[in-house]
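>>> Dropping a prediction and its sequence here:
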Amino acid sequence: MKRRIPYFSFTKINSDVEDKFEKTFHSVMDSKWYILGKQLEKFENSFAQYLQVEHAIGVGSGLDALNISLTALELKQDDEVILPSYTFIATLLSVIHSGAKPVLVDVHPETLVLDPESILPYLNSKTKVIIPVHMCGFPCDMIEFNYLASQRNIYILEDNAQAIGAEIDNRKTGSFGYINATSFYPTKTLGAIGDGGIITTNDKQIAEKCRSLRNYGLVNRKHHKYIGYNWNGLGNIKMIENLLSIGLTTICGVLSMYWFYRSMSN
Ligand SMILES: Cc1ncc(COP(=O)(O)O)c(C=O)c1O
């Protein structure tokens with residue numbers, strides 16, 4: 001008997017969390033706090049705990065997460081950023097927006113991700129950042145990238161948009177880089193009902209800077225320390241708090257899907 005299996009379906013995921021969505025939606029409406037409020041803080045803490053990192057900063061999208069991360073690193077025009085030639089365009093756009101020079105390097109023909117050895121010829125005194133991008137849940141060799149970076153004073157910005165839930169030696173991707181960017185685009189392994197993204201890091205100072213940058217450069221009610229942005233939003237409608245908390249409730253289902261696909265491909 002022939003059975004049609006849909007390429008992708010939100011039906012099951014959504015029906016599993018509909019009740020939770022409604023409850024959270026009403027609690028956010030009742031709280032009258034729609035941007036950067038308690039629900040977001042709760043989600044940031046849970047996500048940081050899940051990845052075993054110190055800080056998580058919710059933002060409007062994966063591209064926002066990359067943009068803020070590179071802005072926080074204060075790159076100059078002559079600085080170079082190494083990234084894979086095979087990735088979603090957002091990775092490249094973030095480098096262009098930063099004003100630094102993108103240096104595109106071919107991925108490994110078998111793994112389809114950036115290989116630490118292949119970037120060696122491109123490293124020089126101008127290299128400030130390397131962006132390893134995990135593709136379709138397959139992680140880059142973060143141990144080796146971190147080693148390379150530590151020898152040369154280079155920052156690693158991990159693009160974890162396609163790999164929430166992936167692990168290297170029992171450690172979650174999105175926790176290896178000096179700073180890490182993730183997307184909650186609806187079809188990602190952890191999808192929100194709308195656009196969403198998050199930055200993770202173990203560096204307190206850079207975390208505080210990213211928090212400020214996403215919110216007009218504010219560090220307190222009266223003081224703007226940085227030339228900031230309004231990057232705290234989910235798309236143009238800003239951070240609708242409940243959308244990310246919905247993400248949390250789907251995490252188990254989504255992760256089991258991820259493991260299912262992984263075991264199928266083994
Ligand atoms: C590798 C990669 N980086 C960045 C992004 C950007 O994420 P977003 O669509 O949330 O801006 C995506 C996905 O869209 C992606 O696949």
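It's in.
>>> Could you give the number of residues near the residue of the chain found nearest the ligand?
Taking C-beta to the nearest ligand atom, the ligand has its nearest neighbour within the chain at Gly62, 2.3 Å off. Using the backbone N, CA and C atoms, a C-beta is placed for each residue, glycine as well. When neighbours are defined as other C-beta atoms under 10 Å, Gly62 has 26 of them.
>>> and whichever strand or helix holds Gln205, what does it pack onto?
Using DSSP states H and E, Gln205 falls within helix 204-213. If contacts are counted by 3 or more C-beta pairs under 8 Å, 6 or more residues apart in numbering; DSSP states H and E, helix 204-213 sits against strand 55-59, helix 62-72, strand 197-201.
>>> quick check: mean pLDDT across that helix?
The pLDDT scores in helix 204-213 average 96.
>>> And it, what's buried?
Residues of helix 204-213 classed as buried: 206-207, 209-213 (neighbour count, 16 or more other C-beta atoms under 10 Å).
>>> Make CSV from these and add distance to the ligand to it.
Shown next, in CSV, are the buried residues of helix 204-213 (distance: C-beta to the nearest ligand atom, whole Å):
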residue, distance to the ligand
Ile206, 19
Ala207, 20
Lys209, 20
Cys210, 16
Arg211, 19
Ser212, 21
Leu213, 16
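>>> Just give me the closest of those residues to Phe21.
Nearest to Phe21 out of those is Arg211 (C-beta to C-beta; 26.5 Å).
>>> Run through the residues that contact the closest one.
Arg211 is in contact with Ile57, counting by C-beta atoms under 8 Å, 6 or more residues apart in numbering.
>>> on that earlier part again, adding mean pLDDT, write the helices and strands packed on helix 204-213 out as a markdown table.
Shown next, in a markdown table, are the helices and strands packed on helix 204-213 (pLDDT from 0 to 100):
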| stretch | mean pLDDT |
| --- | --- |
| strand 55-59 | 93 |
| helix 62-72 | 95 |
| strand 197-201 | 95 |
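>>> how about TSV for those, with distance to Ile156 added?
Formatted as TSV, the helices and strands packed on helix 204-213 follow (distance: least, C-beta to C-beta, whole Å):
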stretch	distance to Ile156
strand 55-59	16
helix 62-72	11
strand 197-201	11
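>>> Which residue comes closest to the residue of the chain closest to the ligand once chain neighbours are left out?
Ser183 (2.6 Å; C-beta to C-beta, 6 or more residues apart in numbering).
>>> Ramachandran angles for that neighbour?
phi -120, psi 140 (degrees, to the nearest 10).
>>> Compute the distance between it and Leu66, please.
Distance, Ser183 to Leu66, by C-beta to C-beta, to the nearest Å: 9 Å.
>>> Overlap in contacts, the two.
Common neighbours of Ser183 and Leu66 (C-beta under 8 Å, 6+ apart) are Ala90.
>>> May I have stretch 32-47 exported as PDB, CA atoms only?
Output of stretch 32-47 as PDB, limited to C-alpha atoms (Å, rounded to 0.1, in the frame of the first residue of the first chain):
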ATOM      1  CA  LYS A  32       0.900  43.700  29.500                       C
ATOM      2  CA  TRP A  33       4.600  43.200  28.900                       C
ATOM      3  CA  TYR A  34       5.100  42.400  25.300                       C
ATOM      4  CA  ILE A  35       8.800  43.000  24.700                       C
ATOM      5  CA  LEU A  36      11.900  41.700  26.600                       C
ATOM      6  CA  GLY A  37       9.800  40.500  29.500                       C
ATOM      7  CA  LYS A  38       9.600  37.600  31.900                       C
ATOM      8  CA  GLN A  39       8.700  34.900  29.400                       C
ATOM      9  CA  LEU A  40      11.700  35.700  27.300                       C
ATOM     10  CA  GLU A  41      14.000  35.700  30.300                       C
ATOM     11  CA  LYS A  42      12.600  32.300  31.300                       C
ATOM     12  CA  PHE A  43      13.300  31.000  27.800                       C
ATOM     13  CA  GLU A  44      16.800  32.500  27.700                       C
ATOM     14  CA  ASN A  45      17.600  30.800  31.000                       C
ATOM     15  CA  SER A  46      16.200  27.400  29.900                       C
ATOM     16  CA  PHE A  47      18.100  27.600  26.600                       C
END
